[in-house]
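In: No letters, just coordinates:
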């Protein structure tokens, strides 16, 4: 069966295009700025970034959201009474645990992520405030890396650090109508999904689709078991979707920015998920014919794609699609992360059209 057969959709395409016209640089800038206003280290999404998602969704024609879906720590937005197609975009960000104290102003860090920064990066230290159920900034510093040490460390510039604090990389979000820089992984994927939801709701029909904004996607890169723990908790509580769409950053070189959204066949050299041949070929045709004809640029990524929530999805269902956006230096590899606005809008529209295809997915 062709999961992406738009000819089977009984839709007013002019109404759809009118709804998707709301996916503009101005709208995306608003969403990104609001999401970036709150840091979300792993294990905190339900009371950090999910609260911003709830506010943003409340602005979209009164849609409701679960910020802690069935106690899993993940946020969820359901557009219908069932979930044939499930979209996953992790809302947590790369973070670090406090390990051993090296000196008065230096702490060894334990990465709760894949640590790839080759240069020093500014950082903020966050501590849970039980009075207001939030994370407060209690210190600032620099994450430093050296080839002579197996773990990075934090050089404290101001404030005090104690065990139990979480450290995140800090770089002010810079957004224009063309480019974006800042702590973008996976801020951009969440923003693209929210923009897609905005468009879908304006069409005014129920869809058998769920959007899940997950926690604990990041983890030490030792094995698949340390990735996507939030999604594993989630997938045991929903019916098996016909299709799992994982929306995340695809690391590329600078010259590939601005050419549209991306899809890929595999993640982590097949250590993560591998898109089944029929789904891969059908989506390739969907992208090159229908999406292209509607001026939505989505191309195949032949490069390396990191593991993410696809690890858990692939254990749960073979029907996984890897869809994302090009980003350079996603984890401050050499410089601050960079992405392009045209790519994010293309991704949002591709997500929305893919979600509409759930109506053609009959048993």
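Out: Good, I have the coordinates. Computed from a predicted model, the values in this text were never measured in an experiment.
In: Name the residues that touch stretch 275-283?
Out: Residues outside stretch 275-283 that contact it (CB atoms under 8 Å, 6 or more residues apart in numbering) are 2-4, 243, 263-266, 318-322. For every residue, glycine as well, the C-beta is placed using N, CA and C.
In: hmm, 6 Å instead?
Out: The contact list for stretch 275-283 (CB atoms under 6 Å, 6 or more residues apart in numbering) reads 2, 4, 265, 318-319, 321.
In: go on, stretch 6-19?
Out: In contact with stretch 6-19 (CB under 6 Å, 6+ apart) are residues 199, 202-203, 290, 359-360.
In: In TSV, list the residues you listed along with secondary structure and pLDDT.
Out: Converted to TSV, those look like this (DSSP: H, G, I helix; E, B strand; the rest coil; pLDDT from 0 to 100):
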residue	secondary structure	pLDDT
199	helix	93
202	helix	90
203	helix	91
290	helix	95
359	helix	92
360	helix	84
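In: Most neighbours among those residues, please name it.
Out: Taking other CB atoms under 10 Å as the neighbour criterion, residue 199 ranks highest of the contacts of stretch 6-19 with 25 neighbours.
In: one step back: out of the contacts of stretch 275-283, flag the one nearest to residue 82.
Out: residue 319 (15.6 Å; CB to CB).
In: How about that closest one, nearest residue that isn't a chain neighbour?
Out: residue 243 (5.0 Å; CB to CB, 6 or more residues apart in numbering).
In: Next, give phi and psi for the one you found.
Out: Dihedral pair for residue 243: phi -150, psi 130, per degrees, to the nearest 10.
In: so what's it bridging to?
Out: residue 85 (DSSP bridges).
In: Around it, how many other residues sit close by?
Out: 24.
In: That one: what's it in contact with?
Out: 3, 85, 319.
In: neighbour-wise, which of those residues leads?
Out: residue 85 (28 neighbours).
In: gap between it and residue 276?
Out: For residue 85, the distance to residue 276 equals 15 Å [CB to CB, to the nearest Å].
In: Residue 131 now?
Out: Residue 131 is 49 Å from residue 276, by CB to CB.
In: Among the two, which residue is more densely surrounded?
Out: Neighbours per residue (other CB under 10 Å) separate residue 131 from residue 276, with residue 276 holding more: 15 against 7.
In: Look up phi and psi at that one.
Out: Residue torsions, per degrees, to the nearest 10, at residue 276 are phi -60, psi 150.
In: And for the one 3 residues further on?
Out: The phi and psi values for residue 279, taken as degrees, to the nearest 10, are phi -70, psi -40.
In: tally of neighbours for residue 305?
Out: 26.
In: Could you do residue 120 as well?
Out: 14.
In: you'd agree it is up against residue 142?
Out: Yes. Counting by CB atoms under 6 Å, residue 120 touches residue 142, with 5.1 Å between them.
In: any low-confidence regions in the protein?
Out: Applying pLDDT under 70 to the chain picks out residues 1, 61, 254, 362-363.
In: ranges for the helices of it?
Out: Assigned by DSSP state H, the chain shows helices spanning 13-20, 25-36, 49-58, 187-203, 229-235, 277-286, 292-293, 310-316, 341-356.
In: Pipe those into CSV and attach distance to residue 94 per row.
Out: Listed next are the helices of the chain as CSV, based on distance: least, CB to CB, whole Å:
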stretch, distance to residue 94
helix 13-20, 32
helix 25-36, 14
helix 49-58, 13
helix 187-203, 11
helix 229-235, 14
helix 277-286, 29
helix 292-293, 34
helix 310-316, 16
helix 341-356, 20
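In: Pull up the pairing partners for the strand of greatest length in the chain, direction included.
Out: Scanning the chain for the strand with the most residues, using DSSP state E, yields strand 134-144. Note on strand 134-144: by DSSP bridges, its sheet partners are strand 121-129 (antiparallel), strand 153-159 (antiparallel).
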